[in-house]
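1. Got a predicted structure here, sequence first:
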Amino acid sequence: METLKTLTDTALVELYAQGNNEAFDVLLYRHKNKVFAYIYFTVRNKELAEDIFQETFIRVITTLKQGRYAESGKFIAWVNRIAHNLIIDHFRQERSENTVSNDECADFDLLNNSKLCDGTVEDSIVQEQIYGDVRHLVGILPEEQQIVVQMRYYEGLSFKEIADKTNVSINTALGRMRYALLNMRRIADEKGIMLSV
């Protein structure tokens, strides 16, 4: 680990792409404070900053594992760009959720839009079925993936807290979550389970 700390970001990225998880731990440790500070300074909300930080590094891991990283020598700028895009996506989504205008859609009846109404009994039944299917899918996962999903989505823990509680690195916790989601999608496809209304 000590010798890894002397390597450049580019060298660490190459090592991680070859399967050396410690190389990613060094990258994360080297840049986490700068990335989190950038996100927090922009969004001014600690919980939101933590969520965006975690999503940023899930995207980083996914991109590196897929061999799609091509920003040689500009790792931190690339990570900050991912964070920046996620911040923009968050505020766009928030703005669209909080904006209701009848000007843009004159032939659209806001008063009879089912998405703006309280749910029906049928909606509740469908929602319960989806929750049941998700619980079933989680139960099929390998135990370490089940634990991460449980802690993240049912207990609301951050990936740092999950890593601390399970005695693994943040990178490992993020990786387990990624594989859990991929496995759940695959199993749902194989069994013909619809996870949305």
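-> Received, thanks.

2. Just name the shakiest helix or strand of the chain by mean pLDDT.
-> Least confident helix or strand, the chain: helix 121-140 with a mean of 69, by mean pLDDT, DSSP states H and E.

3. Name the next helix or strand downstream of that helix, please.
-> helix 143-149 (DSSP states H and E).

4. So for the residue nearest the centre of the chain, what's the nearest residue that isn't a sequence neighbour?
-> For the chain, E55 is the residue whose C-alpha lies nearest the centre (C-alpha atoms, centre = their mean; 3.7 Å). Sequence neighbours aside, L86 is the residue nearest to E55 in space, at 5.6 Å (criterion: C-beta to C-beta, 6 or more residues apart in numbering). C-beta: built from backbone N, CA, C; applies to glycine.

5. same deal with L137?
-> With sequence-adjacent residues excluded and distances taken as C-beta to C-beta, 6+ apart, L137 is closest to M184, at 4.5 Å.

6. Distance check, the one you found against P142.
-> M184 is 12 Å from P142, where distance means C-beta to C-beta, to the nearest Å.

7. These two: who's more crowded?
-> M184 (21 against 11; other C-beta atoms under 10 Å).

8. what pLDDT does that one get?
-> At M184, the model reports a pLDDT of 81.

9. How about the backbone phi and psi for it?
-> Dihedral pair for M184: phi -60, psi -40, per degrees, to the nearest 10.

10. In the record's domain split, what are the boundaries for this protein?
-> As given by automatic domain parsing, the domain ranges for the chain are 4-98, 119-191.

11. ranking the ones you listed by mean pLDDT, which is last?
-> domain 119-191 (a mean of 80).

12. what's the neighbour count on Y69?
-> 17.

13. And what about it, helix, strand or coil?
-> coil (DSSP: H, G, I helix; E, B strand; the rest coil).

14. Pretty sure it sits against T63.
-> Yes - at 5.4 Å, Y69 and T63 qualify as touching, with contact defined as C-beta atoms under 8 Å.

15. Between the two, which contacts overlap?
-> Counting by C-beta atoms under 8 Å, 6 or more residues apart in numbering, Y69 and T63 have no shared contacts at all.

16. Contacts only, for V148.
-> I162, T166, A173, R176, M177, A180.

17. at 7 Å instead, please
-> Going by C-beta atoms under 7 Å, 6 or more residues apart in numbering, V148 touches I162, A173, R176, M177, A180.

18. Kindly supply the PyMOL command isolating those of those that are buried.
-> The command below creates a PyMOL selection of those among the contacts of V148 that count as buried (16 or more other C-beta atoms under 10 Å):
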select buried, resi 162+173+176+177+180
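
19. Nearest to I76 among the contacts of V148?
-> For the contacts of V148, the closest approach to I76 (C-beta to C-beta) belongs to A173, at 21.9 Å.

20. residues contacting that closest one?
-> V148, F159, I162, A163, T166 are the contacts of A173 under C-beta under 7 Å, 6+ apart.

21. hmm, try it at 10 Å
-> Contacts here follow C-beta atoms under 10 Å, 6 or more residues apart in numbering; on that basis A173 touches 54, 144, 147-148, 151-152, 157-166.
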